[in-house]
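> Predicted model, plus sequence, below.
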Amino acid sequence: MTNYFHRQIQLWGEETQKSLQSKRIAIVGSGGLGSSLAFALGASGIGEIHMIDFDEVSLHNIHRQIAFKSGDEGKNKALVNAQIIEARCPFVKAIAHECNFEVWSKKNVEVDLIIDATDNLQSRGEINTYAKKINLPWVYGSVEAFHGQVCFIDESSFNDAFKIIKKTPAGIAAPIVMHIASLQANLALRFLAGLSIKKDMLYYLFFNEEGELITQKFGLPK
């Protein structure tokens, strides 16, 4: 294990790396954000990762959902991601839940952190309600066109800060999906490793018309 995680151990020490083996997370959604999160966190040494998704791979998913390749059409997304995680890292247990979040939440699976990789406000509202019920933090992430949002939600409430509406998504390309997922993964990993993070701070990132990457931040109400 020491050789496998050599560069991470250089970053935060062997004891912190060993502590990650006792951590458990749930990634809700195994598509665009979920695929990138599976790659970013799946080989980090977190002891148990629960991948949740009822959906199957479609041809139009593959270009932006990096876990999938041609020939995966019809396979459950959570199952494919769980298999990739365990193939890349023998020290992580990945469990696929072929269901939606509501069904998973009734299983009473104990985790240390929930990471949102869904694609609609209604599902994020459900995550927020469940997280508040069991007093658990979660990491919000959304992406569309050339912009995205990330927040580690602890004391604030997504349902109070956002209007829950149905919305038709705009087009999207793979790089911005991977970028937002990497920010979510960094927040999650710092939290699980016991490092400091800024909680209840919404980061909004976008490319303006000149192609400049702009980052803004807003404190969410508590």
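On my side now, so go ahead. Keep in mind that what you see is a predicted model, and the values were worked out from it rather than measured.

> Does anything pack onto the longest helix along the chain? Which helices or strands?
Using DSSP state H, we find that the single longest helix of the chain is helix 174-192. When contacts are defined as 3 or more Cβ pairs under 8 Å, 6 or more residues apart in numbering; DSSP states H and E, helix 174-192 sits against helix 32-42, strand 113-116, strand 138-144, strand 147-153, strand 201-207. In short, each C-beta sits where N, CA and C put it, glycine included.

> Output the lowest mean pLDDT helix or strand found in the protein.
Ranked by mean pLDDT, DSSP states H and E, the weakest helix or strand in the chain is helix 158-161, scoring a mean of 90.

> so where's this protein uncertain?
The model of the chain has pLDDT under 70 over residues 164-165, 167-169.

> quick one on the thing from earlier: now do the buried residues in the least confident helix or strand of the chain.
158, 159, 161 (16 or more other Cβ atoms under 10 Å).

> How about the first one: what's its closest non-neighbour residue?
By the measure of Cβ to Cβ, 6 or more residues apart in numbering, the closest residue to residue 158 outside its immediate chain neighbours is residue 128, 3.9 Å from it.

> Would you agree that neighbour falls within a helix?
Yes - the assignment for residue 128 (DSSP: H, G, I helix; E, B strand; the rest coil) places it in a helix.

> Tell me how many other residues surround it.
23 (other Cβ atoms under 10 Å).

> how about it, what does it touch?
138, 153, 157, 158, 159 (Cβ atoms under 8 Å, 6 or more residues apart in numbering).

> Could you check how far it is from residue 74?
Distance from residue 128 to residue 74, counting by Cβ to Cβ, to the nearest Å: 32 Å.

> Throw the helices and strands packed on helix 174-192 into CSV and include mean neighbour count, thanks.
Listed next are these as CSV, based on neighbours: other Cβ atoms under 10 Å:
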stretch, mean neighbour count
helix 32-42, 26
strand 113-116, 25
strand 138-144, 23
strand 147-153, 23
strand 201-207, 17
